[in-house]
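# After the sequence you'll find the predicted model.
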Amino acid sequence: MKTISEQLQHKINLKTKPLGALGQLESIALQIGEIQGTLSPQLNKPTIVVFAGDHGIAKEGVSAYPQEVTFQMVMNFLNGGAAINVFARQNNIALKIVDAGVNFNFPPHDDLIEQKAGPGTASFLYGPAMTSEQLDFCFQKGAEVVRKCQKEGSNIIGFGEMGIGNTSAAAMIMSEVCQLPLEECVGRGTGVDEAQYAQKLSVLGKSQEFHGSIAKAKSILQTYGGFEIAQMTAGMLEAYELGMSIMVDGFIASAAFLLAQKMAPGIRQHAFFCHNSAEKGHEQLLAYLQVKAILNLGMRLGEGSGCAVAYPIIKSAVQFLNEMASFEDAGVSNKA
Ligand SMILES: Cc1cc2ncn([C@H]3O[C@H](COP(=O)(O)O)[C@@H](O)[C@H]3O)c2cc1C
Ligand SMILES: O=C(O)c1cccnc1
């Protein structure tokens, strides 16, 4: 009896095209078929969840933009005007916005899921970003929102984020997990200039000296945080448990994924890396995971925008697998 992977590969090879001619679409089709355990996979109710949270480290001059941009952008998401709104609408992707811990009290809104772990993390320059209770809360709530998406019929979910200062948190996580020097993990985020970049590197270097090396995934999260990053990690783990396909956005979402993979190595077979971000460090992060991103558009935005733009490509992979004729169906001669 052939394995499902062998049967899928056979089905792909018999499509009316030269062997391998659909390139990465073929590996995506194979992977979705493997995840769903079927020769005819379906994509149901694609959903992107954007987790927002503030960062204590933002007060140390590590971003080109002020902290209040986090809540202002959440309002923009709710009003439908951000990049992620545009691309999600374009591709019929459901969008959920989560307040994982923004330093602002939002008025109630139907499209906003309130699961605040606090009014932003503490600065990790002086101590851990969050308490163990806050981390537990993030794990519980991040998983809960994904379960809700699945109950609503979704079997493919994208993870995006918003949080001024979060390329700093992500760089700390990457350096720790990948055991790479900070210089290779720290990028310009929202676009810091030379002097601000030197300041960012110095603040992050001091933080790493203060905390020393940290082995456990959960301790890394508690130390460097992001409430939004912790909820993404938990959400990814839940999506894996539920057998869903996972779309990973850029640098920050990939840092959350690094921790999820440290906790559950099998998750990688469920993940699609939607794009290679222009943020320094992302390429090496993807190399560490030994994965190839779908797109390389020089994007460096976050918000789940890479997932929304890459989704139609994943859909093309599923469609060719389900709809394309085989050599036999179409009466086309196969290779001699
Ligand atoms: C207007 C605006 C919209 C954004 N949407 C996502 N980000 C992105 O930039 C931030 C990370 O960069 P850093 O670490 O340099 O602060 C995150 O909020 C991320 O989602 C944005 C940033 C800005 C300014
Ligand atoms: O790669 C990303 O997701 C990213 C890069 C820079 C700023 N915000 C997000």
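Yes, it's here. Keep in mind the model is a prediction, meaning the values are calculated, not measured. Ligands and ions are numbered 1, 2, ... in the order given.
# What strand or helix carries residue 272?
Residue 272 belongs to strand 271-273 when assigned by DSSP states H and E.
# Next, the buried residues of that strand.
271-273 (16 or more other CB atoms under 10 Å). In this view, the C-beta of every residue, glycine as well, is placed from N, C-alpha and C.
# Looking at these, spot the one nearest residue 222.
Proximity of the buried residues of strand 271-273 to residue 222 (CB to CB) peaks at residue 271, which lies at 23.4 Å.
# and the stretch 51-200 of the chain, which residues reach ligand 1?
Residues of the stretch 51-200 of the chain found near ligand 1, taking CB under 6 Å from any ligand atom as the criterion, are 63-65, 69, 73, 161-168, 189-190.
# got the domain boundaries for this protein?
Taking automatic domain parsing as the reference, the chain has its domains at 4-41+321-330, 47-316.
# Make TSV from these and add distance to residue 336 and mean pLDDT to it.
Listed next are these as TSV, based on distance: least, CB to CB, whole Å; pLDDT from 0 to 100:
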stretch	distance to residue 336	mean pLDDT
domain 4-41+321-330	12	98
domain 47-316	29	98
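# from those, which stretch is densest packed?
domain 47-316 (a mean of 21; mean count of other CB atoms under 10 Å).
# End to end on that one, go ahead and measure it.
17 Å (CA to CA, to the nearest Å).
# And for stretch 278-285?
Across stretch 278-285, the terminal residues are separated by 12 Å (CA to CA).
# so what does the strand holding residue 272 touch, helix or strand wise?
strand 245-248 (3 or more CB pairs under 8 Å, 6 or more residues apart in numbering; DSSP states H and E).
# gap between the strand it packs on and the chain center?
Distance of strand 245-248 from its chain centroid, counting by CA atoms, centre = their mean, to the nearest Å, is 7 Å.
# CA atoms of it as PDB?
In PDB, the C-alpha atoms belonging to strand 245-248 read as follows (Å, rounded to 0.1, in the frame of the first residue of the first chain):
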ATOM      1  CA  SER A 245      -2.800  24.500   7.800                       C
ATOM      2  CA  ILE A 246      -0.800  27.400   9.200                       C
ATOM      3  CA  MET A 247       0.200  30.500   7.300                       C
ATOM      4  CA  VAL A 248       3.200  32.300   8.800                       C
END
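# ok, then the element right after the host helix or strand of residue 134?
Assigned by DSSP H and E, residue 134 falls within helix 132-151. Once the chain leaves helix 132-151, the next helix or strand it forms, by DSSP H and E, is strand 156-162.
# Could I get the contacting residues of the residue of the chain found nearest ligand 2?
Among the residues of the chain, residue 250 lies closest to ligand 2, at 2.3 Å counting by CB to the nearest ligand atom. Neighbouring residues of residue 250 by CB atoms under 8 Å, 6 or more residues apart in numbering: 274-275, 277, 279, 282, 299-302, 305-306.
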